[in-house]
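Undergrad: What shape does this take:
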Amino acid sequence: MKIKKILNNNAAVVNDFGEEKIVLGAGIVFGKGKNDVVDPALIEKVFIMSDPSQYDHLQEMLGTLPEEEIAVTQQIITFAERELGVAFYEHIHIALTDHLSFALERIRKGIAIRNTLLEEIRILYPREFQIGLHAKTMIYEKLQVDIPEDEVGYIAMHIHTAWKNSGTRGKTTEKTAMIRDIAEGVERAAGVTLNRRSANYERLLTQLENMLQTDESGRLRNELVPELVAMARSNFTEAYGQACEIGEWVEGEYGYVFTESQRVVIALEINRIGTRRGEPKN
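TA: Sure thing, here's the model as predicted:
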(Lines give C-alpha, C1' and ligand atoms only; values in the text may rest on other atoms or scores of the structure.)
Protein backbone atom coordinates (compact mmCIF):
# COMPACT_ATOMS: atom_id res chain seq x y z
CA MET A 1 0.00 0.00 0.00
CA LYS A 2 1.42 3.34 -1.09
CA ILE A 3 0.37 6.61 0.54
CA LYS A 4 -1.69 8.91 -1.69
CA LYS A 5 -2.70 11.41 1.00
CA ILE A 6 -1.85 11.78 4.68
CA LEU A 7 -4.93 12.65 6.76
CA ASN A 8 -3.21 12.68 10.17
CA ASN A 9 -0.48 10.72 11.93
CA ASN A 10 -2.85 7.78 12.31
CA ALA A 11 -4.72 7.79 8.99
CA ALA A 12 -4.01 7.96 5.27
CA VAL A 13 -5.51 7.40 1.86
CA VAL A 14 -3.54 4.65 0.14
CA ASN A 15 -3.31 2.95 -3.23
CA ASP A 16 -3.57 -0.81 -2.84
CA PHE A 17 -2.88 -2.36 -6.24
CA GLY A 18 -4.98 0.30 -7.96
CA GLU A 19 -7.77 0.39 -5.37
CA GLU A 20 -8.09 3.43 -3.13
CA LYS A 21 -8.58 2.75 0.57
CA ILE A 22 -8.39 4.59 3.88
CA VAL A 23 -6.23 2.94 6.52
CA LEU A 24 -6.00 3.67 10.24
CA GLY A 25 -3.40 2.70 12.81
CA ALA A 26 -1.44 4.28 15.66
CA GLY A 27 1.42 6.31 14.12
CA ILE A 28 0.85 4.57 10.78
CA VAL A 29 2.25 7.46 8.67
CA PHE A 30 4.48 9.16 11.23
CA GLY A 31 7.63 10.36 9.44
CA LYS A 32 6.32 9.21 6.05
CA GLY A 33 5.34 11.06 2.89
CA LYS A 34 3.44 10.60 -0.34
CA ASN A 35 4.25 7.36 -2.22
CA ASP A 36 5.91 5.82 0.84
CA VAL A 37 4.79 2.29 1.70
CA VAL A 38 2.60 1.73 4.78
CA ASP A 39 3.75 -0.95 7.22
CA PRO A 40 0.96 -3.61 7.14
CA ALA A 41 1.71 -4.53 10.74
CA LEU A 42 0.56 -1.07 11.87
CA ILE A 43 -2.81 -1.18 10.08
CA GLU A 44 -5.71 -1.52 12.51
CA LYS A 45 -8.64 -0.67 10.22
CA VAL A 46 -9.20 -0.51 6.46
CA PHE A 47 -12.11 1.36 4.88
CA ILE A 48 -13.44 0.62 1.40
CA MET A 49 -16.72 2.50 1.04
CA SER A 50 -19.11 2.03 -1.86
CA ASP A 51 -20.86 5.34 -1.09
CA PRO A 52 -18.60 8.18 -2.39
CA SER A 53 -20.22 10.81 -0.17
CA GLN A 54 -19.59 8.71 2.94
CA TYR A 55 -16.03 8.03 1.83
CA ASP A 56 -15.38 11.75 1.27
CA HIS A 57 -16.97 12.59 4.62
CA LEU A 58 -14.66 10.12 6.38
CA GLN A 59 -11.61 11.65 4.69
CA GLU A 60 -12.67 15.15 5.71
CA MET A 61 -13.39 14.08 9.26
CA LEU A 62 -10.06 12.30 9.69
CA GLY A 63 -8.24 15.31 8.30
CA THR A 64 -9.94 17.96 10.45
CA LEU A 65 -11.06 16.55 13.81
CA PRO A 66 -8.59 16.28 16.71
CA GLU A 67 -6.56 13.08 16.43
CA GLU A 68 -7.07 12.19 20.08
CA GLU A 69 -10.87 12.30 19.67
CA ILE A 70 -10.72 10.11 16.58
CA ALA A 71 -8.43 7.68 18.38
CA VAL A 72 -10.64 7.29 21.44
CA THR A 73 -13.71 6.80 19.26
CA GLN A 74 -11.97 4.01 17.36
CA GLN A 75 -10.99 2.42 20.68
CA ILE A 76 -14.61 2.55 21.85
CA ILE A 77 -15.78 0.89 18.63
CA THR A 78 -13.08 -1.78 18.86
CA PHE A 79 -14.05 -2.49 22.48
CA ALA A 80 -17.75 -2.71 21.52
CA GLU A 81 -17.04 -5.10 18.65
CA ARG A 82 -15.00 -7.32 20.96
CA GLU A 83 -17.65 -7.29 23.70
CA LEU A 84 -20.50 -8.08 21.30
CA GLY A 85 -18.55 -10.43 19.05
CA VAL A 86 -19.43 -8.59 15.85
CA ALA A 87 -17.83 -6.42 13.16
CA PHE A 88 -19.75 -3.19 12.62
CA TYR A 89 -20.35 -1.62 9.23
CA GLU A 90 -18.11 1.35 8.39
CA HIS A 91 -20.82 3.94 8.97
CA ILE A 92 -20.49 3.64 12.77
CA HIS A 93 -16.97 5.10 12.49
CA ILE A 94 -18.37 8.23 10.86
CA ALA A 95 -21.55 8.53 12.92
CA LEU A 96 -20.02 7.98 16.36
CA THR A 97 -16.91 10.10 15.69
CA ASP A 98 -19.03 12.98 14.43
CA HIS A 99 -21.43 12.70 17.34
CA LEU A 100 -18.78 12.38 20.02
CA SER A 101 -16.73 15.30 18.70
CA PHE A 102 -19.80 17.54 18.77
CA ALA A 103 -20.77 16.33 22.25
CA LEU A 104 -17.28 16.97 23.61
CA GLU A 105 -17.35 20.48 22.17
CA ARG A 106 -20.66 21.17 23.93
CA ILE A 107 -19.43 19.76 27.23
CA ARG A 108 -16.26 21.86 27.12
CA LYS A 109 -18.41 24.95 26.53
CA GLY A 110 -20.55 24.08 29.54
CA ILE A 111 -23.65 23.30 27.46
CA ALA A 112 -25.83 20.68 29.15
CA ILE A 113 -26.57 17.44 27.28
CA ARG A 114 -30.08 16.12 27.84
CA ASN A 115 -31.27 12.67 26.80
CA THR A 116 -35.01 12.27 27.31
CA LEU A 117 -34.78 8.52 26.59
CA LEU A 118 -31.99 7.78 29.08
CA GLU A 119 -33.92 5.44 31.40
CA GLU A 120 -35.50 3.61 28.48
CA ILE A 121 -32.09 3.09 26.85
CA ARG A 122 -30.66 1.88 30.18
CA ILE A 123 -33.41 -0.74 30.47
CA LEU A 124 -33.88 -1.81 26.84
CA TYR A 125 -30.22 -1.95 25.82
CA PRO A 126 -28.26 -2.98 28.94
CA ARG A 127 -25.22 -4.39 27.12
CA GLU A 128 -24.87 -1.31 24.96
CA PHE A 129 -25.31 0.92 28.02
CA GLN A 130 -22.50 -0.92 29.82
CA ILE A 131 -20.30 -0.32 26.78
CA GLY A 132 -21.29 3.34 27.00
CA LEU A 133 -20.20 3.43 30.65
CA HIS A 134 -16.87 1.90 29.66
CA ALA A 135 -16.60 4.57 26.95
CA LYS A 136 -17.17 7.22 29.64
CA THR A 137 -14.12 5.89 31.52
CA MET A 138 -12.02 5.74 28.34
CA ILE A 139 -12.93 9.31 27.40
CA TYR A 140 -12.02 10.59 30.83
CA GLU A 141 -8.69 8.73 30.83
CA LYS A 142 -7.74 9.80 27.29
CA LEU A 143 -9.27 13.28 27.04
CA GLN A 144 -9.86 14.33 30.67
CA VAL A 145 -13.50 15.06 29.89
CA ASP A 146 -16.17 13.62 32.17
CA ILE A 147 -19.22 12.95 30.01
CA PRO A 148 -22.65 12.75 31.72
CA GLU A 149 -24.82 9.63 31.69
CA ASP A 150 -27.10 11.35 29.18
CA GLU A 151 -24.21 11.17 26.71
CA VAL A 152 -23.56 7.54 27.73
CA GLY A 153 -27.11 6.87 26.55
CA TYR A 154 -26.42 8.41 23.15
CA ILE A 155 -23.26 6.31 22.74
CA ALA A 156 -25.29 3.22 23.66
CA MET A 157 -27.83 4.09 20.95
CA HIS A 158 -25.10 4.34 18.32
CA ILE A 159 -23.71 0.98 19.41
CA HIS A 160 -27.16 -0.61 19.39
CA THR A 161 -27.87 0.65 15.86
CA ALA A 162 -24.53 -0.64 14.59
CA TRP A 163 -24.97 -4.00 16.36
CA LYS A 164 -28.50 -4.71 15.18
CA ASN A 165 -27.92 -3.18 11.75
CA SER A 166 -31.41 -1.76 12.11
CA GLY A 167 -31.04 1.01 9.57
CA THR A 168 -30.48 4.60 10.53
CA ARG A 169 -30.02 5.75 14.07
CA GLY A 170 -33.22 7.73 13.67
CA LYS A 171 -35.25 4.50 13.38
CA THR A 172 -33.75 3.14 16.58
CA THR A 173 -34.42 6.41 18.38
CA GLU A 174 -38.00 6.47 17.08
CA LYS A 175 -38.67 2.94 18.30
CA THR A 176 -37.30 3.77 21.75
CA ALA A 177 -39.40 6.93 21.90
CA MET A 178 -42.48 4.97 20.82
CA ILE A 179 -41.93 2.41 23.59
CA ARG A 180 -41.60 5.25 26.12
CA ASP A 181 -44.80 6.88 24.86
CA ILE A 182 -46.73 3.58 24.98
CA ALA A 183 -45.49 3.08 28.55
CA GLU A 184 -46.71 6.55 29.49
CA GLY A 185 -50.08 5.71 27.94
CA VAL A 186 -50.24 2.55 30.04
CA GLU A 187 -49.44 4.59 33.15
CA ARG A 188 -52.20 7.11 32.41
CA ALA A 189 -54.71 4.33 31.79
CA ALA A 190 -53.75 2.61 35.04
CA GLY A 191 -53.73 5.91 36.92
CA VAL A 192 -50.17 5.56 38.21
CA THR A 193 -46.70 6.95 37.50
CA LEU A 194 -43.98 4.36 37.89
CA ASN A 195 -40.51 5.06 39.28
CA ARG A 196 -38.20 5.06 36.24
CA ARG A 197 -35.60 3.05 38.19
CA SER A 198 -38.10 0.47 39.46
CA ALA A 199 -38.36 -3.19 38.51
CA ASN A 200 -42.01 -2.55 37.66
CA TYR A 201 -41.12 0.03 34.99
CA GLU A 202 -38.34 -2.21 33.69
CA ARG A 203 -40.81 -5.08 33.31
CA LEU A 204 -43.25 -2.83 31.46
CA LEU A 205 -40.62 -1.65 28.97
CA THR A 206 -39.36 -5.19 28.45
CA GLN A 207 -42.89 -6.43 27.71
CA LEU A 208 -43.46 -3.62 25.22
CA GLU A 209 -40.09 -4.18 23.52
CA ASN A 210 -40.83 -7.91 23.21
CA MET A 211 -44.25 -7.05 21.79
CA LEU A 212 -42.60 -5.07 18.97
CA GLN A 213 -39.82 -7.53 18.08
CA THR A 214 -39.77 -8.87 14.54
CA ASP A 215 -37.82 -11.61 12.78
CA GLU A 216 -35.69 -11.24 9.64
CA SER A 217 -38.80 -11.27 7.44
CA GLY A 218 -40.49 -8.52 9.44
CA ARG A 219 -43.02 -10.80 11.15
CA LEU A 220 -43.74 -10.29 14.84
CA ARG A 221 -41.94 -12.79 17.04
CA ASN A 222 -44.22 -12.85 20.07
CA GLU A 223 -47.84 -12.88 18.91
CA LEU A 224 -50.27 -14.30 21.48
CA VAL A 225 -52.39 -17.33 20.60
CA PRO A 226 -55.95 -16.46 19.46
CA GLU A 227 -57.52 -18.16 22.48
CA LEU A 228 -55.62 -15.92 24.90
CA VAL A 229 -56.46 -12.83 22.86
CA ALA A 230 -60.18 -13.66 22.94
CA MET A 231 -60.12 -14.43 26.67
CA ALA A 232 -58.26 -11.20 27.54
CA ARG A 233 -60.62 -9.07 25.43
CA SER A 234 -63.57 -10.64 27.25
CA ASN A 235 -62.14 -10.40 30.77
CA PHE A 236 -60.47 -6.99 30.57
CA THR A 237 -62.85 -4.93 28.46
CA GLU A 238 -62.02 -1.53 30.00
CA ALA A 239 -58.27 -2.06 29.75
CA TYR A 240 -58.66 -3.33 26.18
CA GLY A 241 -60.62 -0.22 25.25
CA GLN A 242 -57.86 1.94 26.74
CA ALA A 243 -55.27 -0.08 24.82
CA CYS A 244 -57.19 0.63 21.60
CA GLU A 245 -57.07 4.35 22.41
CA ILE A 246 -53.31 4.13 22.92
CA GLY A 247 -53.07 2.29 19.59
CA GLU A 248 -54.97 5.04 17.78
CA TRP A 249 -52.62 7.67 19.21
CA VAL A 250 -49.52 5.64 18.26
CA GLU A 251 -50.83 5.17 14.72
CA GLY A 252 -51.36 8.90 14.36
CA GLU A 253 -48.00 9.82 15.90
CA TYR A 254 -45.75 7.09 14.50
CA GLY A 255 -47.74 5.44 11.70
CA TYR A 256 -47.49 2.09 13.51
CA VAL A 257 -50.63 -0.09 13.61
CA PHE A 258 -51.03 -2.55 16.49
CA THR A 259 -52.26 -6.10 15.95
CA GLU A 260 -55.00 -7.55 18.17
CA SER A 261 -52.32 -9.44 20.05
CA GLN A 262 -50.36 -6.26 20.73
CA ARG A 263 -53.46 -4.43 21.97
CA VAL A 264 -54.08 -7.31 24.36
CA VAL A 265 -50.49 -7.16 25.65
CA ILE A 266 -51.00 -3.47 26.40
CA ALA A 267 -54.34 -4.20 28.07
CA LEU A 268 -52.75 -6.86 30.25
CA GLU A 269 -50.05 -4.38 31.31
CA ILE A 270 -52.69 -1.76 32.13
CA ASN A 271 -54.50 -4.35 34.23
CA ARG A 272 -51.30 -5.56 35.91
CA ILE A 273 -50.23 -2.08 36.95
CA GLY A 274 -53.77 -1.07 37.96
CA THR A 275 -54.20 -4.26 39.99
CA ARG A 276 -50.98 -3.55 41.89
CA ARG A 277 -52.51 -0.32 43.18
CA GLY A 278 -55.81 -2.02 43.92
CA GLU A 279 -57.71 -0.97 40.78
CA PRO A 280 -58.18 -3.93 38.42
CA LYS A 281 -59.30 -2.86 34.92
CA ASN A 282 -62.11 -5.36 34.35
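Undergrad: looking at this, residue 7 is in a strand?
TA: Yes - Residue 7 forms part of a strand when assessed by DSSP: H, G, I helix; E, B strand; the rest coil.
Undergrad: For it, give me its contacts.
TA: The contact partners of residue 7, by CB atoms under 8 Å, 6 or more residues apart in numbering, come to 13, 22, 59, 62-63. C-betas here are computed from N, CA, C, even on glycine.
Undergrad: Check residue 214 too.
TA: Residue 214 neighbours (CB under 8 Å, 6+ apart): 220-221.
Undergrad: Look up how far residue 82 lies from it.
TA: In this view, residue 214 and residue 82 are 28 Å apart by CB to CB, to the nearest Å.
Undergrad: ok so, going back, which of the contacts of residue 7 sit farthest apart?
TA: Farthest pair in these (CB to CB) is 22 and 63. Separation: 10.5 Å.
Undergrad: neighbour count winner among the two?
TA: Between residue 22 and residue 63, counted using other CB atoms under 10 Å, residue 22 has the larger neighbour count: 22 against 13.
Undergrad: Now the nearest residue to the more buried one once chain neighbours are set aside, what are its backbone angles?
TA: Closest residue in space to residue 22, ignoring its immediate chain neighbours: residue 47 at 4.1 Å, by CB to CB, 6 or more residues apart in numbering. Taking degrees, to the nearest 10, you get phi -110, psi 130 for the backbone angles of residue 47.
Undergrad: What's the local residue count around residue 47?
TA: Residues contacting residue 47 under the criterion other CB under 10 Å number 19.
Undergrad: ditto for residue 246
TA: 22.
Undergrad: Not counting sequence-adjacent ones, nearest residue to it?
TA: Closest residue to residue 246 apart from its sequence neighbours, by CB to CB, 6+ apart: residue 185 at 4.0 Å.
Undergrad: what about that neighbour, neighbour count?
TA: 20.
Undergrad: do the same with residue 23
TA: Using other CB under 10 Å, residue 23 has 23 other residues around it.
Undergrad: Can you classify it by secondary structure?
TA: Going by three-state DSSP: residue 23 is strand.
Undergrad: rewinding a little: now, among the contacts of residue 7, which is nearest to residue 224?
TA: residue 22 (49.1 Å).
Undergrad: name the helices or strands packed onto the helix or strand harbouring residue 174?
TA: For residue 174, the element it lies in under DSSP states H and E is helix 169-190. On a contact count with 3 or more CB pairs under 8 Å, 6 or more residues apart in numbering; DSSP states H and E, helix 169-190 meets helix 118-124, helix 149-164, helix 199-212, helix 237-254, helix 260-276.
Undergrad: quick one: terminal-to-terminal distance for stretch 101-116?
TA: Length of stretch 101-116, first residue to last, CA to CA, to the nearest Å: 20 Å.
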